[in-house]
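Student: Prediction below, plus the sequence it came from.
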Protein chains: 2
Amino acid sequence: MLKIALAQMNVKAGHPDYNTETMLQLIKKAKKQQADLIIFPEMAIPGYLLGDTWEQTAFLEDCIAAGEEIIAAAQNIIVMFGNIAVDWQKKNNDGRVRKYNAFFTAQNGQLLQPQNMPYPFAIKTLLPNYREFDDTRHFFSLQKLAAERGQTAAELISPVQFTVRSRTYQAGCLLCEDGWSDDYTLAPIELLAKKAPLDLLVNISASPYTLGKNDKRNRVFSRQAAAAKTPLLYVNNIGLQNNGKTVYTFDGASTVYDRQGRIVLACGAYTEELACFDLETLEERAPLATGQEPEIAPIYRALCYGIRLFLDSIHMQRVVIGISGGIDSAVTAALYTQILGPDNVLLVNMPSVFNSATTRGLAQKLAVNLGCRYMVTPIQEAVDLTIRQLETTPIQDLTRHSESHFTISSFMTENIQARDRSARILAGAAAAFAAGFTCNANKAETTVGYSTLYGDQAGFLAALADLWKYQIYDLARYLNAGVYHREVIPQATIDIVPSAELSAAQNVDEGKGDPIRYPYHDYLFRSFVERWQKAAPQDILEWYAAGTLEQEIGCAPGLIQQYFATPAEFIADLEHWWNLFCGIAVAKRIQAPPILAVSRRAYGFDHREAQNGPYYTKKYRQLKANLLQAK
Amino acid sequence: MLKIALAQMNVKAGHPDYNTETMLQLIKKAKKQQADLIIFPEMAIPGYLLGDTWEQTAFLEDCIAAGEEIIAAAQNIIVMFGNIAVDWQKKNNDGRVRKYNAFFTAQNGQLLQPQNMPYPFAIKTLLPNYREFDDTRHFFSLQKLAAERGQTAAELISPVQFTVRSRTYQAGCLLCEDGWSDDYTLAPIELLAKKAPLDLLVNISASPYTLGKNDKRNRVFSRQAAAAKTPLLYVNNIGLQNNGKTVYTFDGASTVYDRQGRIVLACGAYTEELACFDLETLEERAPLATGQEPEIAPIYRALCYGIRLFLDSIHMQRVVIGISGGIDSAVTAALYTQILGPDNVLLVNMPSVFNSATTRGLAQKLAVNLGCRYMVTPIQEAVDLTIRQLETTPIQDLTRHSESHFTISSFMTENIQARDRSARILAGAAAAFAAGFTCNANKAETTVGYSTLYGDQAGFLAALADLWKYQIYDLARYLNAGVYHREVIPQATIDIVPSAELSAAQNVDEGKGDPIRYPYHDYLFRSFVERWQKAAPQDILEWYAAGTLEQEIGCAPGLIQQYFATPAEFIADLEHWWNLFCGIAVAKRIQAPPILAVSRRAYGFDHREAQNGPYYTKKYRQLKANLLQAK
């Protein structure tokens, strides 16, 4: 019998000391449970998302020294773990020192070398370089190493062999992407299986949560285990890691697939776990049922966990939230209150003359329902002062000895209000409350920059900025029904028309509100960002002309006809939003707070973008001319 | 005789229509000058820094259609150009369609295929994936293609052959990084030279300006031309491209190296040029002298060009600049005035009770010297209102039916002032002036977050945020002496102690100012960011202990002893700044405006970072303990 412990640990990126201590504790615990083998995730010591910290020699040395501590601790237990490996004698292609994303196996204080490897560790073969992944920037792949040695990766890839109580095991060592080989010319699992009859496949990962990824992994990994007729152990870390602008939760969800590909063991999401089992009796286990739950449930878990760990990481215990009576701020308030408790959440309503009694009442009701601290800080006096000061201060022309004055328009006043709320009141209140203030923006607003810089675009974290408006509504209902089990978010907040209430044109009592028509635009915008091959106006117009648009983007049928009487109207709307998406919205996203990622494509480091302005292809322009002429 | 025209064109990233039109015009022009061959830069049609626009199928199709127009225009002239090439039947490793960064050669409306290539174009072999470069994210390399075909890159690499007036030429086609092979296991130039006796080497590039890069290129490319005994033609574009947070100028500086490696022709920096010459008479040309100029001169050119094109790209003709009487805002004002003219620049001085008559006078003097429009908008009334409002508005505890109140500290008041200036006055004035307002931060402040978010950290562009404080002073003197030829920036502004003047503790008249001691900290901070292997506290402390710190980081000798009486003081200072650099400063940079890059490592997309908090290695902690114990 081989007793194995999967160590689903919290990896703190950039803190090898913390991670090493965690690992040493878990090794002790596993030994107490008589485990023969403990498996830690990929990059368990340094963490995975580190930016260019990989260029600090001191940090590399520290990680390697920490790795040596772990190797030394492999006494009476075999330890598998991920760490950075450095060959100080060789170079990466950027001229810096050679770094591998490596899989170490230690026994009796010594590393076990995979048979054909030139180093005493396995090397990540497939290096992801899409979405938020930058592996090729820092790590040298097995293929490159093979090419350098005049060999092939297939020759070098080989299992690691270890002996426990006189029985010898062959383990295939995989690092994360190595198990996702469909788009590569090389399949590490197949190559490993050719080398020796494998007793187990081990995939150590540092795999961030995104919506739907676990289902896909279960399909892919089940198939692999079954094809190799070998149990596959997937060990992922938990925790929060970031690339600056984009913040990822790691949900763990470490899983054991038996030789038939059945899921026979699965760790919980976002929990530290040491899961022990006997390799030889996996077949006797009943396969786990995969639970059904609404799509918003895992998103809620990711948000709660992500916000909590983000706050921890910046040592913040309290928050200030501007609440308008609308849906986005109400959901934000309900979320943070769930995480921090009502005493640590200060809700601030900041009415101007444009805020209705309706929404002011809803804000107060929300505060009462949540039991948070509450402030009402009107902004009209300050806004009036700003306008007066801007309009009366002379603009001097010192050369011509003349003066002029500004006139402040209604549009300018809208932005003055938004900035007054965030940069004057919320930022000041946050400092006084020893807190940060939140950005409550959703993904639709973020897509087209429907926000004011240094106004509602500001905050220490944009926790909802990867959720479309329909997901915000889903989350509101879920918070009431599934989390609080009562109506904390007033139903009227869910029912009211979404509005910024920055001018008389946005009067909610008259049913006026945002220019974004979410039931359609949520889906249009999503096609610009999240679609596999990103949609551009040319695609949209082709689908529109073919009558397949609603189907292609996934919105409700009939909306296009309902919203747009003519192709000219449709095109004007499309170009309006595309111009914003590629224009001012990029500028706003550059200065946006960190975004908590939940979707399969989040703004920031995941969806990379340049401030290049909108572009319309030749084909688009022709199609547009045809459509407009036809009318 | 082969007459060649180098087309140093302005490439607008993401605007194939504009670029194609430029190319067609230049082809016409070259034909008028009887050129046999015209050479355009790398990615001349799509542009180079595009973020994930490469995932838009419509955009790819448009670039390819544009390429076909260029190929069709290759009549009575050979056209070499860079463009994206797509193989719709194959995949990249991310599963998306196969894309190559390609070098096309067209004659008589047809592409000329390099002999051993499976496509009618040459493929970029070395894909840079460091600093701001993300080539591997989007493009499939020649090595990967070779591996997929069971061949080697060496087999596929081959010159393109063309015939002009019955003479046949062999040209080695290189794309940018292909000419920088020192850190790779493959040297494309050497492989090409083995295939055939080459008549010319052509390196088409999209190479952003950074300080010192042209000198290095001249050394490397001269050596290559001489080694291959072949003239090397380097064609780079001009223009401005960006990756969102980091904005790059492309200086062109296209250069011809003769077979001895001598520089015999060089295009100007940042100028559109069509440079014609006869290949066979290059040897008869006198080598160009490389001019000597102060380091700040090319930086000034990059800033001027970059700011001008950035403003153009966002259709902004006017700016608002907050001026304090200090050096950073004065340099910003002098720069923008030079670019836009005084009528399009509004300078705003925003005194509070802490601003001295000295600096207020200097601000006014600067405005008079530059002839800009000028406003004095005191902020005290609004700051007082904010403090009063925050202190008097009750914080309601709705559950316990109790109230409390905030107390605003002096530190909070500092930030309230900074936000009042930017988010209230400058943002409002900018809207009214149909302008943007500038961020005047330098790189030292940016490194440690010595700024207020939504305050002096705000703006549409941080043009000086890649310059250390000493470079700001150099630039001030250069603007007066070399650009304006008079004292536009008052000498007193250069001489005064740098200060934020946000509290009585920063009284300039008493010689009090910033906590950053620039003569040392500029260099310390630079070692964290720009050093080849980034320095961490461990390195700094090792150098300090060894007495080599000043030499290692490049600051003036004697400073350490002057500033720090004991190791304890030195260590406290080091940890103070390191904590900020890895902590709150990262959070501020995430929300900072775009940064105009000039150094060899700029913040943003070039120096990537995660918000992971400070870390001290075990070795550092030991060394620190030893040093503190020794005292």
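Tutor: Looks like it arrived, so ask away.

Student: quick one, phi/psi of A:D397?
Tutor: phi -100, psi 100 (degrees, to the nearest 10).

Student: residues near the residue nearest to it when sequence neighbours are not counted, how many?
Tutor: Excluding its sequence neighbours, the residue lying closest to A:D397 (CB to CB, 6 or more residues apart in numbering or on different chains) is B:R373, at 5.8 Å. Quick note: C-beta positions are derived from backbone N, CA and C, even for glycine. By the criterion of other CB atoms under 10 Å in any protein chain shown, B:R373 has 25 neighbours.

Student: again, but for A:L467
Tutor: 26.

Student: now it, what's its secondary structure?
Tutor: Secondary structure, DSSP: H, G, I helix; E, B strand; the rest coil: A:L467 is coil.

Student: Could you do A:T105 as well?
Tutor: strand.

Student: On the pLDDT front, check the closest residue to chain B within the stretch 401-550 of chain A for me.
Tutor: Here the residue of the stretch 401-550 of chain A nearest chain B is A:A423; by CB to the nearest CB that distance is 3.4 Å. pLDDT recorded at A:A423 is 98.

Student: what's the answer for the one 10 residues further on, then?
Tutor: Each residue has a pLDDT score; the one for A:F433 is 98.

Student: List the residues that contact it.
Tutor: Shown in contact with A:F433 (CB atoms under 8 Å, 6 or more residues apart in numbering or on different chains): A:R318, A:V320, A:L346, B:F406.

Student: elements contacting the helix or strand where the second one lies?
Tutor: Secondary structure assigned from DSSP states H and E places A:V320 in strand A:319-322. In this structure, strand A:319-322 packs against helix A:327-340, strand A:345-349, helix A:427-432, strand A:436-437, with contacts taken as 3 or more CB pairs under 8 Å, 6 or more residues apart in numbering or on different chains; DSSP states H and E.

Student: Which one of the ones you listed lies nearest to chain B?
Tutor: With CB to the nearest CB, the closest approach to chain B among those belongs to helix A:427-432: 3.8 Å.

Student: Tell me if that closest one is near chain B.
Tutor: Yes - contact of helix A:427-432 with chain B (CB under 8 Å from any CB of the partner chain) involves A:A427, A:G428, A:A429, A:A431, A:A432.

Student: quick one: which of the contacts of A:F433 is nearest to A:G252?
Tutor: Nearest to A:G252 among the contacts of A:F433: A:R318, at 28.2 Å, using CB to CB.

Student: What count of nearby residues applies to the closest residue to that closest one other than its chain neighbours?
Tutor: Computed as CB to CB, 6+ apart, the closest residue to A:R318 that is not its neighbour in sequence is A:A435, at 3.8 Å. Using other CB under 10 Å, A:A435 has 22 neighbouring residues.

Student: likewise A:V497?
Tutor: 14.

Student: Also the one 5 residues further on?
Tutor: Under the neighbour criterion other CB under 10 Å, A:L502 is assigned a count of 21.

Student: Quick check: it is in a strand.
Tutor: No - A:L502: not assigned to a strand; according to three-state DSSP it is coil.

Student: quick one: secondary structure of the closest residue to it other than its chain neighbours?
Tutor: Spatial nearest neighbour of A:L502, chain neighbours left out: A:E414 (3.9 Å); criterion: CB to CB, 6+ apart. The local conformation at A:E414, judged by three-state DSSP, is helix.

Student: And for the one 10 residues further on?
Tutor: Using three-state DSSP, the structure places A:R424 in helix.

Student: Around chain B, which positions in the stretch 251-400 of chain A sit nearby?
Tutor: Residues of the stretch 251-400 of chain A lying close to chain B (CB under 8 Å from any CB) are A:313-314, A:342, A:346, A:367-368, A:371-377, A:381-382, A:385-387, A:389-390, A:393-399.

Student: Can you flag the buried ones in the residues you listed?
Tutor: For those, a burial check counting by 16 or more other CB atoms under 10 Å in any protein chain shown picks out A:313-314, A:342, A:346, A:367, A:371-377, A:382, A:386-387, A:389-390, A:393, A:395-398.

Student: Who are the packing partners of the strand or helix carrying A:T136?
Tutor: According to DSSP H and E, A:T136 maps onto helix A:135-138. The helices and strands touching helix A:135-138, judged by 3+ CB pairs under 8 Å, 6+ apart, are strand A:97-107, helix B:135-138.

Student: Show me what secondary structure element comes after the shortest one.
Tutor: Towards the C-terminus, the helix or strand next in line after helix B:135-138, according to DSSP H and E, is helix B:142-148.

Student: who's in contact with that following helix?
Tutor: A:143, A:147, A:185, B:93, B:100, B:118, B:123-125, B:152-153, B:155-157, B:186.

Student: can you rerun that using 6 Å?
Tutor: Here helix B:142-148 makes contact (CB atoms under 6 Å, 6 or more residues apart in numbering or on different chains) with A:T185, B:I123, B:T125, B:T152, B:A153, B:L156.

Student: Could you export the residues of helix A:427-432 next to chain B to CSV, including columns for neighbour count?
Tutor: Supplementary listing: the residues of helix A:427-432 next to chain B in CSV, determined by neighbours: other CB atoms under 10 Å in any protein chain shown:
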residue, neighbour count
A:A427, 28
A:G428, 27
A:A429, 25
A:A431, 22
A:A432, 20
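
Student: Sheet-wise, list the partners of the strand holding A:V320 with their directions.
Tutor: Note on strand A:319-322: by DSSP bridges, its sheet partners are strand A:345-349 (parallel), strand A:436-437 (parallel).

Student: do you know which of those strands lies nearest A:R526?
Tutor: strand A:436-437 (27.9 Å).

Student: Pull the distance from the closest one to the chain's centre.
Tutor: Using CA atoms, centre = their mean, to the nearest Å, the mean C-alpha position of strand A:436-437 is found 20 Å from that of the whole chain.

Student: what does stretch A:556-566 give?
Tutor: Worked out by CA atoms, centre = their mean, stretch A:556-566 lies 33 Å from the chain centre.

Student: can you list contacts of it?
Tutor: By CB under 6 Å, 6+ apart, stretch A:556-566 touches A:P519, A:Y520, A:L549, A:E550, A:F570.

Student: wait, does the host helix or strand of the second one contact chain B?
Tutor: Using DSSP H and E, the secondary-structure element containing A:Y520 is helix A:518-529. No - contact of helix A:518-529 with chain B is not found when judged by CB under 6 Å from any CB of the partner chain; the minimum separation is 8.9 Å.

Student: so what does that helix touch, helix or strand wise?
Tutor: If you count contacts as 3 or more CB pairs under 6 Å, 6 or more residues apart in numbering or on different chains; DSSP states H and E, helix A:518-529 packs onto helix A:443-448, helix A:469-478, helix A:549-553, helix A:559-563.

Student: Just want the angle from that helix to helix A:469-478.
Tutor: Angle of helix A:518-529 versus helix A:469-478, following axes from the mean of the first three to the mean of the last three CA atoms, to 10 degrees, is 120 degrees.

Student: Determine how far helix A:518-529 lies from the middle of the whole chain.
Tutor: 19 Å.

Student: Mind checking the pLDDT average for that helix?
Tutor: Averaging pLDDT along helix A:518-529 yields 98.

Student: again, but for stretch A:305-314
Tutor: 98.

Student: Pull the residues that contact it.
Tutor: Taking CB under 6 Å, 6+ apart as the rule, stretch A:305-314 contacts A:L240, A:T249, A:Y270, A:I339, A:L461, A:A463, A:L596.

Student: possible to save these as a markdown table with pLDDT and distance to B:R601?
Tutor: Formatted as a markdown table, the contacts of stretch A:305-314 follow (pLDDT from 0 to 100; distance: CB to CB, whole Å):
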| residue | pLDDT | distance to B:R601 |
| --- | --- | --- |
| A:L240 | 98 | 27 |
| A:T249 | 98 | 30 |
| A:Y270 | 98 | 36 |
| A:I339 | 98 | 37 |
| A:L461 | 98 | 27 |
| A:A463 | 98 | 31 |
| A:L596 | 98 | 28 |
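
Student: Report how many residues lie close to the residue nearest to A:Y616 when sequence neighbours are not counted.
Tutor: What sits nearest to A:Y616 in space, not counting adjacent residues and going by CB to CB, 6+ apart, is A:P537, at 5.9 Å. A count of nearby residues for A:P537, using other CB under 10 Å, gives 27.
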